[in-house]
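> Predicted model and sequence below, questions to follow.
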Amino acid sequence: MEYIKYKSVKSPFIAVAWALGSVCNYSCSYCIPVLYDGKIKFPDYKPFLDFTDKLKEKYPGQKIQVTMYGGETTLWKDFKVFLKESAERDVFIRIVSNGSRSIEWWKSVAHKINHSIISFHPEYAKEDHITEVLKLFMPGRSQMSLMVPHDRFDEMLELGKRISENAKVFVIPKFLRKQFGNELYPYTEEQLETFKKYASGFGNKYLKEDEEFKHKGLILQKEDGELVRFRNARQLYLDDLNRWEGWKCWGGIESLFVDEAGEIFSGQCREGRIGNINEAGYVLPDEPIICGKDSCNCTQDILEAKKEKV
């Protein structure tokens with residue numbers, strides 16, 4: 001039996017993850033300092049907009065989906081003007097945020113964001129505040145990533161279920177990885193089985209299902225040449241099946257990553273460098289790379305970049 005990535009319909013998006021620096025108002029114990037120490041300041045947005053123009057020229061007819069994360073994206077002084085100019089280019093904007101800005105601030109921007117991923121960090125976040133933030137987004141265009149420490153497991157799951165129903169939002173319980181690597185914190189076997197049970201999250205009925213936003217990629221189990229059942233990305237991780245070293249990967253074509261210095265890579269794993277958005281002359285690839293990583297730990301890379309066994 002083997003596990004493959006299979007796309008029956010080409011994704012409508014070229015997925016780009018953009019790291020905006022390490023300015024953050026949280027310093028969670030399970031996070032890594034490079035994401036909150038403030039040493040990497042927010043970038044100039046104009047070279048990135050030029051980069052999206054180049055992607056649109058390279059892939060005519062496909063929408064560019066940019067996922068912004070930090071640090072804390074909403075602390076960026078140019079956040080609102082970047083949203084405006086991205087909308088003018090018809091670039092689909094997703095943000096990853098801790099949701100900590102005031103309700104009034106969120107009211108001023110929520111309608112301009114195509115999709116939000118609000119992370120609930122239990123060391124700082126307040127249930128009532130996050131619930132009210134999530135209510136501001138268009139139905140089906142937001143979700144919550146629920147950080148679940150092993151020592152607050154049951155408490156966090158119950159909180160996630162409440163927020164899902166009260167805000168009418170899709171919630172994904174997230175296991176925590178040491179130093180963001182492949183090693184998990186010391187969850188019990190029962191807790192790991194619970195993660196598998198809720199791998200598809202709470203409140204799936206609140207996901208938007210129209211064709212424009214429905215995800216087209218599928219992860220399936222292959223047995224005797226037949227594709228037999230769907231495999232969730234988090235299930236793959238928990239079953240230690242997120243390993244495609246030596247396979248062809250379409251990161252760089254379907255899934256790209258731009259780091260805090262403007263370096264462009266094939267996926268968040270940074271396996272293949274393409275160039276830098278601040279320098280002229282970089283060429284977007286036409287061919288897949290060969291994966292050299294022992295494991296694939298980024299959900300976007302798993303979901304967006306097609307993989308094929310060599």
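Happy to help now that I have it. The model shown is predicted, which means the values in this text are computed figures rather than measured ones.
> Show me where this structure dips below the pLDDT cut-off.
Residue ranges of the chain with pLDDT under 70: 1-12, 208-232, 234.
> what sits against I163?
Shown in contact with I163 (C-beta atoms under 8 Å, 6 or more residues apart in numbering): 120, 127, 130-131, 134, 144, 146, 169, 171. The way it works is simple: take the backbone N, C-alpha and C, and place the C-beta from them, glycine included.
> cool, D78 as well?
Applying C-beta under 8 Å, 6+ apart, the residues contacting D78 are 42, 45.
> if we can go back for a sec, Serialize the contacts of I163 to CSV and add fields for neighbour count.
Below are the contacts of I163 laid out as CSV (neighbours: other C-beta atoms under 10 Å):
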residue, neighbour count
F120, 25
E127, 14
I130, 23
T131, 21
L134, 26
M144, 28
L146, 26
V169, 27
V171, 27
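> Could you pull up phi and psi at G281?
Per-residue torsions, G281: phi 100, psi -10 (degrees, to the nearest 10).
> what's the burial count for it?
Look at G281: counted by other C-beta atoms under 10 Å, it has 6 neighbours.
> Out of the contacts of I163, list just those in strands.
120, 144, 146, 171 (DSSP state E).
> between these, which is nearest F13?
M144 (21.3 Å; C-beta to C-beta).
> tell me the contacts of the closest residue to the closest one other than its chain neighbours?
Excluding the flanking residues, the one nearest M144 by C-beta to C-beta, 6 or more residues apart in numbering is V171, at 4.6 Å. For V171, the contacting residues are 143-146, 160-161, 163-164, 201-203, by C-beta under 8 Å, 6+ apart.
> do that again at 10 Å, thanks
Counting by C-beta atoms under 10 Å, 6 or more residues apart in numbering, V171 makes contact with 118, 120, 134, 143-146, 157, 159-165, 198, 201-204, 206.
> if we can go back for a sec, and which of the contacts of I163 is nearest D294?
L146 (27.4 Å).
> That closest one and F175, how far apart?
Going from L146 to F175 by C-beta to C-beta, to the nearest Å gives 10 Å.
> cool, and K309?
27 Å.
> got it, and I118?
For I118 relative to F175 (C-beta to C-beta), the value is 18 Å.
> out of the two, which sits in the more crowded spot?
A direct count of neighbours by other C-beta under 10 Å for I118 and F175 places I118 higher, at 26 against 19.
> and the helix or strand containing that one, which strands flank it?
Assigned by DSSP states H and E, I118 belongs to strand 115-120. With DSSP bridges as the test, strand 115-120 is paired with strand 92-97 (parallel), strand 142-147 (parallel).
> Now do the same contact list for E287.
Contacts for E287 were tallied using C-beta under 10 Å, 6+ apart; they are 248, 250, 252-253.
> Also I274?
Residues in contact with I274 (C-beta under 10 Å, 6+ apart) are 252, 256-258, 263-266, 282-285, 289.
> Over to D151?
185-187 are the contacts of D151 under C-beta under 10 Å, 6+ apart.
> Looking at those, which is nearest G38?
The closest of the contacts of D151, once distances to G38 are taken by C-beta to C-beta, is Y185, at 25.3 Å.
> Tell me which stretches of the stretch 201-310 of the chain form helices.
233-238, 299-304 (DSSP state H, counting those that start in this stretch).
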